[in-house]
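Colleague: next come a sequence and a model predicted from it.
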Amino acid sequence: MLVIDGAYGEGGGQVLRTSLSLSVVTGKPFRIVNIRANRPKPGLQPQHLACVKAVAYLSEAEVKGDELGSQEIVFIPKKLPERCNYSFDIGTAGSTLLLFQTVVYPLSLNKGGEVVIKGGTHVPFSPCYHYVKEVFLPMAKLFGLEVDLYLEAYGFYSAGGGKIRAFIKPWEEFFLPALPEYFIPENIIIYSVSSERLPVHIVERQLKGVLSELPNCENLTVYKERVKSRSDGTFVFLKALNKEKVLYAGFTELGKRGYPAEEVGKKVAREWKNFLSTKTQFEEHLADQILIPISLALLKLRSAKIFRFSVAKVTKHLLTQAWLIPKFLPELKITIEGKEGEKGYVNLYRE
Ligand SMILES: Nc1ncnc2c1ncn2[C@@H]1O[C@H](COP(=O)(O)OP(=O)(O)OP(=O)(O)O)[C@@H](O)[C@H]1O
């Protein structure tokens, strides 16, 4: 049985989630030790336990150690997902999007399905709904993965109460697209959103902050929205599409008490400008998340043997994924050129 060290690299929930997904996809059982060893509260927290239970449910897996706080589990998948409809409730503001990214590969590589997930939709340390809908999924579609994703309720920290619905299509065709050399923007969309519970001026001030950092920016569209939610919450999301309409990039900043709304907006705009200055293809968060769809496409598409992309910043999350994915998919080799924290290149090879 594969033994995975959950303390490797970033040492967070990602090692567990990627292992769960790829275990069902490949039918390989695994044991993971030191789960989230590098986090202040190690072991399974509600979001991670919900991922274990969800993937166990869809693969009728035998699981040992699936309890809150557990730092070790054994996971033995028994079946491929058979049902068409699934509903999961994290029970806290834990990220619905991270749970979605865990179940999407086992489901898409079989019959697809409709999945409803309740929990957080715009919460710290995770991709928010807008990022997954507007950046991750359009990018994943380039490799053949197709999902229609909808937001039915916003869920902010700490009460959660959010809901997403995904229609996952069976992933039958695999592609490895030719990508433009680096990101030259065609247009930008900015979302400034806050809970209705907060004063009206927040969305305006967030927007003012973004725009102050982007003078003379052309092809810019702005959406302002105040939304129903159980907890106070605000965010700015900037999405960019490149000239050839192939690459997407996204930047999110969540507001919180004591963090001036203008600064929330400025932070997003600065991240976007930093990304552009690197002259790369993918921003840092996309790189670690898109590595699974690229790996699966490269394995299935027998005509290609290599795929390479550039990334604005080599992160621990990316290094961790590059180490972990080939453990489940040993035909693949993934190498990273560049130092952590700097611009780099990712090479995937199929042997
Ligand atoms: N602002 C952001 N935009 C898009 N994706 C993000 C953003 N922040 C974090 N992510 C992604 O969220 C994922 C978080 O993985 P991590 O292992 O830290 O998960 P976790 O389960 O939340 O961890 P933890 O163990 O810290 O509780 C990574 O894929 C990372 O790229």
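Modeller: Right, received. Where do you want to start?

Colleague: the longest strand along the chain and the ligand in contact?
Modeller: Counting by DSSP state E, the longest strand found in the chain is strand 185-195. No - remark: strand 185-195 sits outside contact range of the ligand, by C-beta under 6 Å from any ligand atom, the gap being at least 13.4 Å. Yep, even glycine has a C-beta here, placed from its N, CA and C like the rest.

Colleague: again, but for stretch 244-252
Modeller: Yes - using C-beta under 6 Å from any ligand atom, stretch 244-252 reaches the ligand at residue 252.

Colleague: avg pLDDT for that stretch?
Modeller: For stretch 244-252, mean pLDDT is 97.

Colleague: report the buried residues of that stretch.
Modeller: 246, 247, 248, 249, 250, 251, 252 (16 or more other C-beta atoms under 10 Å).

Colleague: among these, which one sits closest to the ligand?
Modeller: Closest approach to the ligand among those (C-beta to the nearest ligand atom): residue 252, at 4.5 Å.

Colleague: so what's that closest one bridging to?
Modeller: Beta bridges link residue 252 to residue 237, judged by DSSP bridges.

Colleague: I'd guessed it sits against residue 129; true?
Modeller: No - counting by C-beta atoms under 8 Å, residue 252 stays clear of residue 129, with 9.8 Å between them.

Colleague: quick check: neighbours shared by those two?
Modeller: residue 122 (C-beta atoms under 8 Å, 6 or more residues apart in numbering).

Colleague: quick revisit: neighbouring strands of the longest strand of the chain in the sheet, and parallel or not?
Modeller: Sheet pairing for strand 185-195, assigned by DSSP bridges, gives strand 220-227 (parallel), strand 234-242 (antiparallel).

Colleague: closest one to residue 160 among the ones you listed?
Modeller: Relative to residue 160, the nearest member of the strands paired with strand 185-195 by C-beta to C-beta is strand 220-227, separated by 14.2 Å.

Colleague: so residue 83: helix, strand or coil?
Modeller: coil (DSSP: H, G, I helix; E, B strand; the rest coil).

Colleague: pretty sure it contacts residue 113?
Modeller: Yes - when contacts are counted by C-beta under 8 Å, residue 83 is listed as touching residue 113 (6.6 Å).

Colleague: more neighbours, those two?
Modeller: More neighbours surround residue 113 than the other of residue 83 and residue 113, with 22 against 11 (other C-beta atoms under 10 Å).

Colleague: need the contact list for residue 198.
Modeller: Counting by C-beta under 8 Å, 6+ apart, residue 198 has contacts 226, 232, 234.

Colleague: list just the nearest of the residues you listed to the ligand.
Modeller: Distance to the ligand across the contacts of residue 198 (C-beta to the nearest ligand atom) is lowest for residue 234, with 14.6 Å.

Colleague: could I get the contacting residues of whichever residue of the stretch 151-300 of the chain sits closest to the ligand?
Modeller: Nearest residue of the stretch 151-300 of the chain to the ligand (C-beta to the nearest ligand atom) works out as residue 285 at 3.5 Å. Listed by C-beta under 8 Å, 6+ apart, the contact set of residue 285 reads 127, 131, 250, 317.

Colleague: show me the two of these that sit farthest apart.
Modeller: Every pair of the contacts of residue 285 checked by C-beta to C-beta; the farthest is 250 and 317, at 15.5 Å.

Colleague: nearest residue to whichever residue of the chain sits closest to the ligand in space, ignoring adjacent ones along the chain?
Modeller: The minimum distance from the chain to the ligand, using C-beta to the nearest ligand atom, falls at residue 13 (2.1 Å). Excluding the flanking residues, the one nearest residue 13 by C-beta to C-beta, 6 or more residues apart in numbering is residue 48, at 4.9 Å.

Colleague: shouldn't the one you found be within a helix?
Modeller: Yes - according to three-state DSSP, residue 48 belongs to a helix.

Colleague: compute the first-to-last residue distance for stretch 188-205.
Modeller: Length of stretch 188-205, first residue to last, C-alpha to C-alpha, to the nearest Å: 19 Å.

Colleague: buried set for it?
Modeller: In stretch 188-205, the ones that count as buried by 16+ other C-beta under 10 Å are 188-195, 198, 202-205.

Colleague: what's the burial count for the residue lying closest to residue 306 once chain neighbours are set aside?
Modeller: Once flanking residues are discounted, residue 306 sits nearest to residue 349: 5.3 Å by C-beta to C-beta, 6+ apart. Neighbour count for residue 349, taken as other C-beta under 10 Å: 15.
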